[in-house]
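Asker: Only the shape, not the letters, is given here:
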């Protein structure tokens, strides 16, 4: 988190409605943030690869089912990134398969089920707040 408490949030999500819901969820929980959003996995990998130790995001929110390159490949790239490998990752999906849960565990990520209920989706903001204020952020 930057020195002024402002979160740098990286979001890879191809559904514009979900991008809007993510922004709402963060605002709902009083978070001050800058959102860097990408619409597919290829773009997510390219953008993540350009981050240095000074501008690495505080958290990455990834849709599992991204076009071009899936969330698993994006997570793998983040965990290999010299500066961003320790940031919290939240994988977001509307399904909760055994494979997804195993993948989340393998990468030390957190799973968030995309709810069809607006109130449940808003809990994403609480999760982000918890992960970023609980000492789970990247090491400096």
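Answerer: Yes, it's here. Every value quoted in this text rests on a predicted model; they were computed, and no experiment measured them.

Asker: Low-confidence stretches in this protein?
Answerer: 1-4, 134-140 (pLDDT under 70).

Asker: so who does residue 83 touch?
Answerer: Contacts for residue 83 (Cβ atoms under 8 Å, 6 or more residues apart in numbering) come out as 51-53, 56, 138. (C-beta placed from N, C-alpha, C; glycine too.)

Asker: quick one: the helices in this protein?
Answerer: 16-28, 41-49, 71-80, 98-106, 118-121, 123-133 (DSSP state H).

Asker: okay if I get the ones you listed as TSV plus mean neighbour count and distance to residue 60?
Answerer: Below are the helices of the chain laid out as TSV (neighbours: other Cβ atoms under 10 Å; distance: least, Cβ to Cβ, whole Å):
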stretch	mean neighbour count	distance to residue 60
helix 16-28	17	12
helix 41-49	19	8
helix 71-80	20	6
helix 98-106	14	13
helix 118-121	12	18
helix 123-133	18	10
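
Asker: Switch the ones you listed over to TSV; also include distance to residue 62.
Answerer: Shown next, in TSV, are these (distance: least, Cβ to Cβ, whole Å):
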stretch	distance to residue 62
helix 16-28	11
helix 41-49	7
helix 71-80	4
helix 98-106	10
helix 118-121	16
helix 123-133	12
